[in-house]
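>>> requesting a structural model of the entry that follows:
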Amino acid sequence: MKPARVQAAETPGDGLAAPLVIAAVIVAALYFGREILIPIAIAVLLSFVIGPLVALLRKARLGRIPSVGVAVLLLLAVVAGLGGLIGMQVADLSTGLPRYQRTIAQKAENLKAGPLGDLAGYLRSINHQIQQAGAPEQKPEEKPAPGKPAPPPTVQNPDKPVLVEMRDREPSPVELAEKVLAPVVSPLATLGIVFVVLIFILVQREDLRDRMIRLVGSSDLHRTTVAMDDAARRLSRFFLVQLALNAGFGLVIGIGLWLIGVPNPILWGIFTALMRFVPYIGAFLSALLPLMLAAAVDPGWNMVLATAALFIVLEPLVGQFIEPLVYGHSTGLSPFAVLVSALFWTWLWGPVGLLLSTPLTVCLVVLGRHVDKLEFLDVLFGDRPALTPVENFYQRMLADDPDEAQELAEAILAQCSLSSYYDEVALKGLQLAATDARRGVLTESQLERIRVGIAQLIEDLADRDDVAPETKPTLAGRLLSGRQDEEAPCEAAPAVPDAPAPDQLPEDWRREGAVLCVAGRGPLDEAASMMLAQLLEKHGFGTRVVPFEAVSRAEIGSLDAAGARMICISYLEISGTPAHLRYLVQRVRRRAPEAQVLVGLWPMDDAVLSDPGARESLGADHYAVSLREGVEACLEALRDGAAAAPSPAPAREPEHAPEHEEA
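Residues are numbered from 1 along each chain as shown. Purely as a prediction, here's the structure:
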């Protein structure tokens, strides 16, 4: 008989070994293959930039190959022109270096002669005194006694050093050409690889797309094809907009430096436009060299101050006012991802990696938003919250942080109406809490914190009207998100756009208690009633929130329902038979026979609403699955101009009600 084989227990680190090994292999390949991968990455990014031009030429019936050739030739002409300008500017700058060095030396001497020099001399004297105090005392040199001969002088080496002059031989023409062309050969080779790869990418664009589709999602060809085409189109538009903004910024900087008098303004304008692809700090880093040159050119400090003022004024103006109008503050990346990607790509590929870090990471984030298998890239590097608004709402309430919950609500309300926020975010968050409470994973103290937090949030939002916000989604959101509905978690339209003005409601509907918002027996149903009451008040209704205890069998007799025209019962969830809800409707009908009854079952997929027999057995006049529908039902009852007709006499309740009926 064979011995039983014991299976080794898996340790928590076993599942991380394979991803770590794969990540290490990818990083090693990026590092050791950088000579080839850098031109390929530049070619891929350039394909997004000139892709729309190729598509435009193809629409003009120019053909695939001629369109690609014309576009690449135009790009090559632009690159050659910029390279020639940069070369001439650098050559002109090098001719003035001796004069700039003399100006810097003169400024240093002036600083030494001024208060700064006095301070430096004072510090040097203190340092000299400290060294003297710590040095051992030297004995004075002993002089020979009178009558004694002086010691013989030290005999010097009679051999004198011989000066030897070393001269290099004249280089041959081949060596001279190699010395001159060596610094140029490597950039030209890289440029050649870039354009060769770019041509193949543009010519084989559809074939490469199909291969990518096969890798990431061949099981759903339609969805993956649409996603990949949409991602490529959005990246092209985004990079074109960013290139235009950075080029405009560099142009304005160049003109400003020319007016100030800083030499070689074209060079610094191009340099600033390139550095601005590095977010947050790129523009300010590009100001260092023009500031140093201004200090070397001007014997005074006026040129330095004017150059500093140009960058200090222009960068916040573009970053805080112009960019938000065009594509928002963000590139679609979280600030931490921008920092990490800049450090990572700079470590791998040097200065070129620093310039390419943000565009490469944006490409990864867009792929993560469109391809399910790469969604982790969007989670790691994207600027969208890791949790959905509903999950975030529940988590903030659970963590007893109502201030952050209100901050998140303000951000969502910039795009959504108040009623839509309550329906799509707050109510669904409360449903998560109610589900956890039913499962017994929430303690009573946690439930109490949630009740207090949501009550405080509702009170803080009391001054907001239920109207559509005026703000619109930014271009960055439209370019980088996969779908338009991802930009806002809820609708912008209010509950009833054509609702009458609050002062036009009849007096009997505006009195306090005209609409009784009755809470169900769930631990968080009263919060839902408070939301409905607030929305009704914004439309002019007089409301009062009634807890479940006030409509229980023992307390229903003391309920003040005089003047009630509508009774709205709120339930976040109903599990099992709705008998207790049917008995609750019967009790409030006996207490307020002239009022209409609305049952709000906020989980719209509840089985009670899908079963016509169950709905009929409840005996209510109106049913709603959202707060917006609740407001519409009250307005409909108001427009009818009369209370609901008396309902049939309710069936006699059993002498002993089911156990689940009691609160």
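>>> just the helices in the stretch 151-300 of the chain please.
Assigned helices in the stretch 151-300 of the chain, in chain order: 173-203, 205-217, 221-260, 265-275, 282-286, 288-297 (criterion: DSSP state H, counting those that start in this stretch).
>>> for residue 93, which of these is the nearest?
Of all those, it is helix 265-275 that lies closest to residue 93, at 6.9 Å by Cβ to Cβ. Yep, even glycine has a C-beta here, placed from its N, CA and C like the rest.
>>> so how far is that closest one off the chain centroid?
With Cα atoms, centre = their mean, to the nearest Å as the basis, helix 265-275 stands 28 Å off its chain's centre.
>>> packing partners for it?
Under the contact criterion of 3 or more Cβ pairs under 8 Å, 6 or more residues apart in numbering; DSSP states H and E, helix 265-275 touches helix 64-95, helix 221-260, helix 282-286, helix 288-297.
>>> mean confidence score for the first one?
To tie it back to what came earlier, the one meant is helix 64-95. Here helix 64-95 scores 86 as its mean pLDDT.
>>> could you find the closest non-adjacent residue to residue 72?
Distance criterion Cβ to Cβ, 6 or more residues apart in numbering; nearest residue to residue 72, sequence neighbours excluded, is residue 199 at 5.8 Å.
>>> for the one you found, give me the pLDDT.
Looking at residue 199, its pLDDT is 90.
>>> buried residues in stretch 361-375, which are they?
In terms of neighbour count (16 or more other Cβ atoms under 10 Å), stretch 361-375 has its buried residues at 361-371, 374.
>>> now flag whichever of those residues is closest to residue 620.
For those, the nearest to residue 620 is residue 369 (43.5 Å; Cβ to Cβ).
>>> and that closest one, its phi and psi?
With angles defined as degrees, to the nearest 10, residue 369 sits at phi -80, psi -20.
>>> residue 498 too?
When read as degrees, to the nearest 10, the backbone of residue 498 gives phi -100, psi 30.
>>> can you count the residues close to it?
Per other Cβ atoms under 10 Å, the neighbour tally for residue 498 reads 6.
>>> list the contacts of residue 542.
When contacts are counted by Cβ atoms under 8 Å, 6 or more residues apart in numbering, residue 542 touches 509-515.
>>> same question but for residue 559, I mixed them up
546, 550-551, 588, 591.
>>> before we move on, what about residue 532?
Neighbour list for residue 532: 517, 568, 570, 600, 627, 630-631 [criterion: Cβ under 8 Å, 6+ apart].
>>> ok, it to residue 76 distance?
Separation of residue 532 from residue 76 (Cβ to Cβ, to the nearest Å): 66 Å.
>>> and what of residue 446?
From residue 446 to residue 76 the distance is 65 Å (Cβ to Cβ).
>>> what about the strands in this structure?
Listed in chain order, the strands of the chain (DSSP state E) span 515-519, 543-546, 566-571, 596-601, 622-624.
>>> so which helix or strand of the chain has the lowest pLDDT on average?
The weakest-scoring helix or strand in the chain, judged by mean pLDDT, DSSP states H and E, is helix 475-480 (a mean of 47).
>>> if we can go back for a sec, farthest pair within the contacts of residue 532?
Farthest apart among those by Cβ to Cβ are 570 and 631. That separation is 12.9 Å.
>>> neighbour count for residue 446 and residue 76, which is higher?
Comparing residue 446 with residue 76 by neighbour count (other Cβ under 10 Å), the higher total belongs to residue 446, at 17 against 13.
>>> I figured that one hits residue 398, correct?
Yes: judged on Cβ atoms under 8 Å, residue 446 makes contact with residue 398 at a distance of 6.5 Å.
>>> now the residue positioned nearest the centre of the chain: how far from residue 279?
With distances taken as Cα atoms, centre = their mean, residue 383 lies nearest the centre of the chain, 2.3 Å away. Note on residue 383: its distance to residue 279, by Cβ to Cβ, is 12 Å.
>>> try residue 620
Here residue 620 is placed at a distance of 56 Å from residue 279 (Cβ to Cβ).
>>> and these two? Which one has more around it.
Neighbours were counted for residue 620 and for residue 279 using other Cβ under 10 Å; residue 620 has more, 23 against 18.
>>> any weak-confidence spans in the stretch 151-300 of the chain?
Low-confidence segments of the stretch 151-300 of the chain, defined by pLDDT under 70: 151-184, 216-223, 227, 230.
>>> so what's residue 510 closest to, chain neighbours aside?
Closest residue in space to residue 510, ignoring its immediate chain neighbours: residue 542 at 5.0 Å, by Cβ to Cβ, 6+ apart.
>>> typed the wrong thing, it's residue 525
Closest residue to residue 525 apart from its sequence neighbours, by Cβ to Cβ, 6+ apart: residue 519 at 4.3 Å.
>>> right, and that neighbour touches residue 567 too?
No: Residue 519 sits out of contact with residue 567 when judged by Cβ under 8 Å, with a separation of 11.8 Å.
>>> what is the neighbour count of the nearest residue to residue 298 once chain neighbours are set aside?
Spatial nearest neighbour of residue 298, excluding adjacent residues (Cβ to Cβ, 6+ apart): residue 304 at 6.8 Å. For residue 304, the neighbour count with other Cβ under 10 Å is 20.
>>> gap between residue 304 and residue 317?
Distance from residue 304 to residue 317, by Cβ to Cβ: 21 Å.
>>> and for residue 364?
31 Å.
>>> ok, residue 428 next?
41 Å.
>>> over to residue 536?
Noted for residue 536: a distance of 46 Å to residue 317, by Cβ to Cβ.
>>> again, but for residue 399
As judged by Cβ to Cβ, residue 399 and residue 317 stand 39 Å apart.
>>> same deal with residue 523?
Applying Cβ to Cβ, the value for residue 523 to residue 317 is 52 Å.
>>> more neighbours: which of these two?
Neighbours were counted for residue 523 and for residue 317 using other Cβ under 10 Å; residue 523 has more, 21 against 13.
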